[in-house]
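> Turn this into a model:
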Amino acid sequence: MKTKRQLIIVLLIAFLFSGFFRSDSDIYFKINKSIDIFGRVYKELSLNYVDPIDPEKLMQSGIEGMLESLDPYTNFIDDVHQKDIDIITKGTYGGIGATVGLRNDNITIVDLIEGYSAQRQGMRIGDVIIRVDSVDVSKDNYETLSELLKGEPGTLVTVTVKREGSSEPIVFNLVREDIEIKNLSYYGFYPENSNNAYLKLSGFSRSAGEEVKKALIELGGKKEIKSIVLDLRGNPGGLLNAAIEVAEKFLKKGDLIVSVEGRDTTQIKKYYSEEEPIAGDIKMAALIDQGSASASEIVAGALQDHDRAVLIGENSFGKGLVQTVVPLSYNTSLKITTARYYTPSGRSIQRINYTDEKILLENRKEKNGEIFKTDNNRKVYSGGGITPDSTVDNTTKSDLIQNLLAEGMFFRFATNLFNNNINTDFESLPDKFLIDKFKEYLLNSDFKYESPSLRLIRELLKKAKSEGLSENLIALLKNEEKNQVSALDEQIEKYGSEIAGLIREELQARSNGRVARIIESLKHDAQFNTALSVLNNEKLYKKLLNPDVN
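From the prediction side, this is the model:
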């Protein structure tokens, strides 16, 4: 009888849990089956395809094809790009201290880090790299440039550049150094005579929280900090822990910063502020835009949900996914999306649902975004990034300026002016001088501008000719076309102040470095100046954070 009862219990347990066992065995069976098929296909192609195949490239293609069906943040990292992951996690790399980019199909120095070999030995923004050691470089092998310039600290690298104004190439023999990535690209009191602390946070490597802490202590030692502007614009994010450590500097101890939920929805990890905030209750604004993503959105979301700061700018990027780097063999790794994160109010700000045909999730009430509440009962919405409390567009209203920026004309002009007037005090030059020189430079350049009006007139002219409309109308359109072509000078004069400001930013970068460029940009920064106005208006500041306050 006892044996029979035990048998019944065993059978009952087996029945209850058979679903779980079958589920696990099913997935492992499918994995093993798929690996077997994939391996056979790979082997047959490598050995028997009509033309010789590089097995490594074939495998790389297979991996990339597999990952293409997932989100864009899940990536295979080969041994060449492994250094990029190390830079984020360690915050340092061996290099020369120069940032390069493609400008008009040329590999160009676009920024220099003060104090490192490239800047110390006289490289300039605008220099075009044509050779690294014995390797000629161009846009065709641009992807390999990082590998050529970076290396073990203490090793030598020879960089040959072309410089505007110099007839012969210039050769730099540089020593690679241990470059420490600064997350805070600038901090200081701005305006200079104010008590407003401005922090430009450009990344979230492991030292971000400590940098913010040291900056606030240093500034507080100089004079009382009465307000803070935390600039998260253009910050693509980084480490989750770094975002938590930055948020801790502003939120109350015990405040929830972020919740992370993986595949197992019963296991939700909540991260709380574990330290007393160094910034206390100082009035605060945070700047965000479409370039603010991931860790930036974690910080901005926590500040907004706890009503700690007024958010100003534009909708953030909308990346609410968390990645984990899994080391693999042969110095490779897999960066895989393992979780979603949620702001303290419980909202996900993920813009695209990659598991459901990449549906775009707009962060607007009329698109049925789910409503959540901040500590002060303000409404906030899920999906589509983080919506600022005050939306301010920083994009130029001038079609001409947008075209000039797209063509890199301010960069090119500043390079030309600086290289040909190296000893000039550019700060003392009046706007009119800069604008006149800029007009002159445009006339002798390959820049062609077609305003929206001119494009429309030319379309009408084409239609009028093809449809055989009256000669009088065609003559009228031709005359207007001529007037529009000569209107470039008028457009430059109309937006002269904005154009001069953009030129001065580039000149400051060449004369005094990246910090000077940032300070110059703040002079005509609509989003920053709006933040300053809000912080200086006590009533408005409180109203934005708590609408129920009279």
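> Distance of Asn529 relative to Ala285?
11 Å (CB to CB, to the nearest Å). Bear in mind the C-beta positions are built from the backbone N, C-alpha and C, glycine included.
> out of the two, which sits in the busier spot?
When Asn529 and Ala285 are compared on other CB atoms under 10 Å, the one with more neighbours turns out to be Ala285, at 29 against 15.
> Now name the helix or strand holding the more buried one.
Assigning secondary structure by DSSP states H and E places Ala285 in strand 283-288.
> Please work out the average pLDDT along that strand.
Mean per-residue pLDDT for strand 283-288: 98.
> can you list the weak-confidence ranges in this protein?
Along the chain, segments meeting pLDDT under 70 span 1-25, 356-369, 480-487, 550.
> got a list of what the most centrally placed residue in it touches?
The centre of the chain sits closest to Pro236, judged by CA atoms, centre = their mean, with a distance of 3.6 Å. Counting by CB atoms under 8 Å, 6 or more residues apart in numbering, Pro236 touches 203, 291, 293-294, 296, 317.
> Mind checking which of those residues are buried?
When those are checked for burial by 16 or more other CB atoms under 10 Å, the buried set is 203, 293-294, 296, 317.
> Name the nearest of these relative to Asp548.
When the buried ones among the contacts of Pro236 are ranked by distance to Asp548 (CB to CB), Ser296 comes first, at 28.8 Å.
> On the three-state scheme, that closest one is what?
Here Ser296 is recorded as helix under DSSP: H, G, I helix; E, B strand; the rest coil.
> Does it touch Asn235 like I think?
Yes. Counting by CB atoms under 8 Å, Ser296 does reach Asn235; the two are 4.3 Å apart.
> Mind listing the shared neighbours of these two?
Common neighbours of Ser296 and Asn235, using CB under 8 Å, 6+ apart, are 201, 204.
> Domain boundaries for this structure, per the record?
Residue ranges for the domains of the chain, per automatic domain parsing: 92-180, 184-394, 399-532.
> Those: which one's closest to Ile27?
domain 184-394 (11.9 Å).
> end to end, how far does the closest one reach?
Taking CA to CA, to the nearest Å, domain 184-394 runs 22 Å from one end to the other.
> centre of the chain versus that domain, how much separation?
The chain centroid and the centroid of domain 184-394 are separated by 13 Å under CA atoms, centre = their mean, to the nearest Å.
> biggest strand in the protein by residues?
Longest strand in the chain by number of residues (criterion: DSSP state E): strand 333-342.
> What is whatever helix or strand comes next after that strand packed up against?
For strand 333-342, the following helix or strand on the C-terminal side (DSSP H and E) is strand 352-353. Applying 3 or more CB pairs under 8 Å, 6 or more residues apart in numbering; DSSP states H and E, we find strand 352-353 packed against strand 359-360.
> Check which element follows the strand it packs on along the chain.
Later in the chain than strand 359-360, the nearest helix or strand by DSSP H and E is strand 371-373.
> List the buried residues of that following strand.
In strand 371-373, counting by 16+ other CB under 10 Å, buried: Phe372.
> Partner strands of it, with direction?
In the sheet, strand 371-373 lines up against strand 379-381 (antiparallel) (DSSP bridges).
> now the helices: where do they sit in the stretch 301-450 of the chain?
For the stretch 301-450 of the chain, the helices defined by DSSP state H, counting those that start in this stretch occupy 399-406, 409-420, 431-443.
> Out of these, indicate the one that is most buried.
Mean neighbour count (mean count of other CB atoms under 10 Å) peaks for helix 409-420 among the helices of the stretch 301-450 of the chain, with a mean of 20.
> Kindly calculate the angle that it makes with helix 431-443.
Relative orientation of helix 409-420 and helix 431-443, computed by axes from the mean of the first three to the mean of the last three CA atoms, to 10 degrees: 100 degrees.
> Kindly calculate the angle that helix 409-420 makes with helix 399-406.
60 degrees.
> Outside of helix 409-420 itself, list whatever touches it.
Residues outside helix 409-420 that contact it (CB under 8 Å, 6+ apart): 103-104, 110, 124-126, 163-166, 404, 426, 437-438, 441-442, 445, 447, 499, 502-503, 505-507, 509-511.
> 6 Å instead?
The contact list for helix 409-420 (CB atoms under 6 Å, 6 or more residues apart in numbering) reads 126, 164-165, 438, 441, 447, 502-503, 506-507, 510.
> cool, and stretch 390-400?
Residues contacting stretch 390-400 (CB under 6 Å, 6+ apart): 312-313, 402, 452, 491, 495, 526-527, 530.
> any idea which helix or strand carries Arg517?
With DSSP H and E as the criterion, Arg517 is inside helix 514-522.
> Please tell me how far that helix is from the chain's geometric centre.
Worked out by CA atoms, centre = their mean, helix 514-522 lies 18 Å from the chain centre.
> same for that helix, what does it pack against?
Here helix 514-522 touches helix 496-512, going by 3 or more CB pairs under 6 Å, 6 or more residues apart in numbering; DSSP states H and E.
> Run through the residues that contact Leu199.
Counting by CB under 6 Å, 6+ apart, Leu199 makes contact with 187, 230.
> Over to it: give its phi and psi.
Main-chain torsions, Leu199, degrees, to the nearest 10: phi -120, psi 120.
> Distance check, it against Val212.
7 Å.
> Next up, phi/psi of the residue nearest to the centre of the chain, please.
For Pro236, the backbone dihedrals are phi -80, psi 0 (criterion: degrees, to the nearest 10).
> Using CSV, write out every CA atom in stretch 298-310.
C-alpha atoms of stretch 298-310 as CSV (Å, rounded to 0.1, in the frame of the first residue of the first chain):
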residue,chain,number,x,y,z
ILE,A,298,18.5,56.6,-17.5
VAL,A,299,19.8,59.7,-15.7
ALA,A,300,17.3,62.0,-17.4
GLY,A,301,14.4,59.7,-16.7
ALA,A,302,15.3,59.4,-13.0
LEU,A,303,15.7,63.2,-12.7
GLN,A,304,12.3,63.7,-14.3
ASP,A,305,10.4,61.1,-12.5
HIS,A,306,11.6,62.3,-9.1
ASP,A,307,11.0,66.0,-10.2
ARG,A,308,14.6,66.7,-9.4
ALA,A,309,15.4,68.7,-12.5
VAL,A,310,13.6,70.5,-15.3
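> which outside residues touch that stretch?
Under CB under 6 Å, 6+ apart, the answer for stretch 298-310 is 232, 243, 246-247, 250-251, 255, 257-258, 284-286, 288, 311, 343-345, 374-376, 386, 389, 534, 544-545.
> which residues does Ile181 contact?
Ile181 neighbours (CB under 6 Å, 6+ apart): 91, 205.
> Shouldn't Lys213 be within a strand?
No. Applying three-state DSSP, one finds Lys213 to be helix, outside a strand.
> Quick one: residues contacting it.
Taking CB under 6 Å, 6+ apart as the test, what Lys213 contacts is 249, 278.
> go again using 10 Å as the cut-off
By CB atoms under 10 Å, 6 or more residues apart in numbering, Lys213 lies in contact with 245-246, 248-249, 275, 278-279.
> swap in Glu64?
75-76.
> Pull out the buried residues from the strand or helix carrying it.
Following DSSP H and E, one finds Glu64 within helix 55-67. For helix 55-67, the neighbour count (16+ other CB under 10 Å) marks Leu67 as buried.
> can I get the CA coordinates of it in PDB?
What follows is helix 55-67 as a C-alpha-only set of coordinates in PDB (Å, rounded to 0.1, in the frame of the first residue of the first chain):
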ATOM      1  CA  PRO A  55      36.400  30.100 -43.800                       C
ATOM      2  CA  GLU A  56      36.700  33.000 -41.400                       C
ATOM      3  CA  LYS A  57      34.900  35.500 -43.700                       C
ATOM      4  CA  LEU A  58      32.200  32.900 -44.400                       C
ATOM      5  CA  MET A  59      31.600  32.400 -40.700                       C
ATOM      6  CA  GLN A  60      31.600  36.200 -40.100                       C
ATOM      7  CA  SER A  61      28.900  36.500 -42.800                       C
ATOM      8  CA  GLY A  62      26.900  33.700 -41.100                       C
ATOM      9  CA  ILE A  63      27.100  35.400 -37.700                       C
ATOM     10  CA  GLU A  64      26.100  38.800 -39.100                       C
ATOM     11  CA  GLY A  65      23.200  37.300 -41.000                       C
ATOM     12  CA  MET A  66      21.900  35.600 -37.800                       C
ATOM     13  CA  LEU A  67      22.300  38.800 -35.700                       C
END
